[in-house]
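Novice: Sequence plus the predicted model coming up.
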Amino acid sequence: MEDNGPEISTIEMHTGGEPLRIIISGYPEIKGDTILAKRRYVREHLDHLRKLVMFEPRGHYDMYGAVIVQPHSEKADMGVIFMHNEGYSTMCGHAVIALGRYAVDSGLLSTDVSRSSVGEVPVFIECPCGVVKALVDIEEGRSGRVRFVSVPAFAFGLDVEINTEKFGKVKVDIGFGGAFYAIVTADRLGLDVRSSRLNDIVDAANVITNSAKSQIRLHHPDSEELAFLYGTIITDGKDMYNGDPQEATANVCVFADSEVDRSPTGSGVTARIAVQYARQQIGLHQVRVFEQGLVGSKFTGQAVKETKCGDFDAVHVEVSGHAYYTGKCTFSVEKDDPFREGFLLK
């Protein structure tokens with residue numbers, strides 16, 4: 001770090017209550033000829049900046065961030081590196097929803113968007129997992145709802161049995177929605193995702209995540225850098241579509257280092273729908289509501305197209321939600337600050 005720097009400017013947003021700190025200036029050049037390579041570069045060379053903007057006293061344990069970078073795909077409007085308390089993820093749906101709105105509002109797109117326009121504006125965002133298409137509603141002079149279409153999502157494994165010290169043998173599903181998640185119903189863990197204590201949910205999710213990491217070998221057809229378990233989604237078990245598009249199914253996602261998503265989790269909703277589709281619990285174009293059980297925020301999701309991902313039967317999933325601005329910040333570091341790189345209290 002420089003003695004009196006750096007200064008990092010951000011736009012602050014949230015999607016379904018989950019924060020997003022968009023870093024718009026202050027980062028040095030991020031090298032790499034792909035987004036995955038850029039992700040490796042920031043992890044190996046610029047991780048002190050992640051800690052500066054994610055950790056206390058400028059951030060907090062559950063902060064989430066994104067750095068906008070140059071895309072490498074010709075069809076992408078922008079590239080992004082996601083960050084959190086542990087490191088760098090490969091996909092983040094709540095961030096894509098916020099970034100879609102921000103891209104339209106800030107004039108990042110090469111196409112002119114009239115503030116009096118009505119309709120949808122496409123924004124192609126290159127994430128580490130691939131290019132994701134966001135569609136931003138334009139209505140009454142402001143951007144509204146945003147929906148995105150995922151990279152190929154699939155069920156990696158169904159009813160995979162893992163051994164845990166606390167719960168004994170537990171069957172989980174492993175779904176990929178841009179990142180891999182273990183998915184388990186709350187009743188198998190003696191919990192309720194709408195009423196249990198947060199600490200109990202986090203502790204149980206960590207047991208599942210740690211056991212699954214040690215016992216299940218993941219792989220992804222596109223890159224081994226995608227083949228890691230990001231976290232665990234604990235659900236209410238209401239996976240069968242009953243014909244009512246308004247009925248919500250609730251979940252809580254715990255990812256990275258015990259970080260709790262305040263939203264229903266965009267990539268998690270994607271993974272859940274991929275698993276539900278594989279189980280024939282939902283069909284194409286059947287819209288479902290997904291709710292964060294403790295916060296009450298909601299996304300909608302649906303499988304929109306069958307596809308393949310290597311040998312896996314997969315689907316493209318559409319997830320929609322709303323993002324909102326909460327402020328702007330410029331962060332600085334004084335040279336004698338003993339907490340210049342931040343800290344976390346767990």
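Specialist: Happy to help now that I have it. This structure is a prediction, so every number in the text was calculated from the model and none was measured.
Novice: which residues are in contact with the one helix or strand in the chain whose mean pLDDT sits lowest?
Specialist: Lowest on mean pLDDT, DSSP states H and E among the helices and strands of the chain sits strand 142-149, with a mean of 86. For strand 142-149, contacts defined as C-beta atoms under 8 Å, 6 or more residues apart in numbering pick out 93, 96-98, 100-101, 104-105, 115, 121, 125, 132-138, 266, 304, 316-323. The C-beta positions use only the backbone N, C-alpha and C, and glycine is treated the same way.
Novice: partners of it in the sheet?
Specialist: strand 130-139 (antiparallel), strand 312-321 (antiparallel) (DSSP bridges).
Novice: Please identify the deepest-packed of those.
Specialist: For the strands paired with strand 142-149, the largest average neighbour count (mean count of other C-beta atoms under 10 Å) is found in strand 312-321, namely a mean of 23.
Novice: Put the alpha carbons of that one into CSV.
Specialist: As requested, the backbone C-alpha atoms of strand 312-321 are provided in CSV (Å, rounded to 0.1, in the frame of the first residue of the first chain):
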residue,chain,number,x,y,z
PHE,A,312,-24.5,-33.1,-17.3
ASP,A,313,-28.2,-32.4,-18.2
ALA,A,314,-28.6,-28.8,-17.4
VAL,A,315,-31.0,-25.8,-17.6
HIS,A,316,-30.7,-22.1,-18.0
VAL,A,317,-32.5,-20.5,-15.1
GLU,A,318,-34.1,-17.0,-14.9
VAL,A,319,-34.0,-15.2,-11.6
SER,A,320,-35.5,-11.8,-10.9
GLY,A,321,-35.5,-9.3,-8.1
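Novice: next SSE after that strand?
Specialist: The helix or strand immediately downstream of strand 312-321 is strand 323-331, counting by DSSP states H and E.
Novice: so where do the helices sit in the stretch 201-346 of the chain?
Specialist: Applying DSSP state H, counting those that start in this stretch to the stretch 201-346 of the chain gives helices spanning 266-278.
Novice: shaky segments in the stretch 1-150 of the chain?
Specialist: Low-confidence regions of the stretch 1-150 of the chain, defined here as pLDDT under 70, cover residues 1-4, 110-118, 140-143.
Novice: those helices in it, which residues are they?
Specialist: For the stretch 1-150 of the chain, the helices identified by DSSP H, counting those that start in this stretch occupy 35-45, 47-54, 93-106, in order along the chain.
Novice: Would you mind finding the most buried of these?
Specialist: The highest average neighbour count among the helices of the stretch 1-150 of the chain, using mean count of other C-beta under 10 Å, belongs to helix 93-106 at a mean of 27.
Novice: Now do it against strand 130-139, angle only.
Specialist: Using axes from the mean of the first three to the mean of the last three C-alpha atoms, to 10 degrees, the direction of helix 93-106 lies 50 degrees away from that of strand 130-139.
Novice: got the CA positions of helix 93-106 in PDB?
Specialist: Extracted as PDB, the C-alpha positions of helix 93-106 are listed here (Å, rounded to 0.1, in the frame of the first residue of the first chain):
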ATOM      1  CA  GLY A  93     -27.000 -13.400  -8.500                       C
ATOM      2  CA  HIS A  94     -27.900 -10.600  -6.100                       C
ATOM      3  CA  ALA A  95     -24.800  -8.700  -7.400                       C
ATOM      4  CA  VAL A  96     -25.700  -9.300 -11.000                       C
ATOM      5  CA  ILE A  97     -29.200  -7.800 -10.400                       C
ATOM      6  CA  ALA A  98     -27.600  -4.700  -8.800                       C
ATOM      7  CA  LEU A  99     -24.900  -4.400 -11.400                       C
ATOM      8  CA  GLY A 100     -27.500  -4.600 -14.200                       C
ATOM      9  CA  ARG A 101     -29.400  -1.700 -12.700                       C
ATOM     10  CA  TYR A 102     -26.100   0.300 -12.000                       C
ATOM     11  CA  ALA A 103     -24.800  -0.300 -15.600                       C
ATOM     12  CA  VAL A 104     -28.000   1.200 -17.100                       C
ATOM     13  CA  ASP A 105     -28.200   4.100 -14.600                       C
ATOM     14  CA  SER A 106     -24.500   5.000 -14.800                       C
END
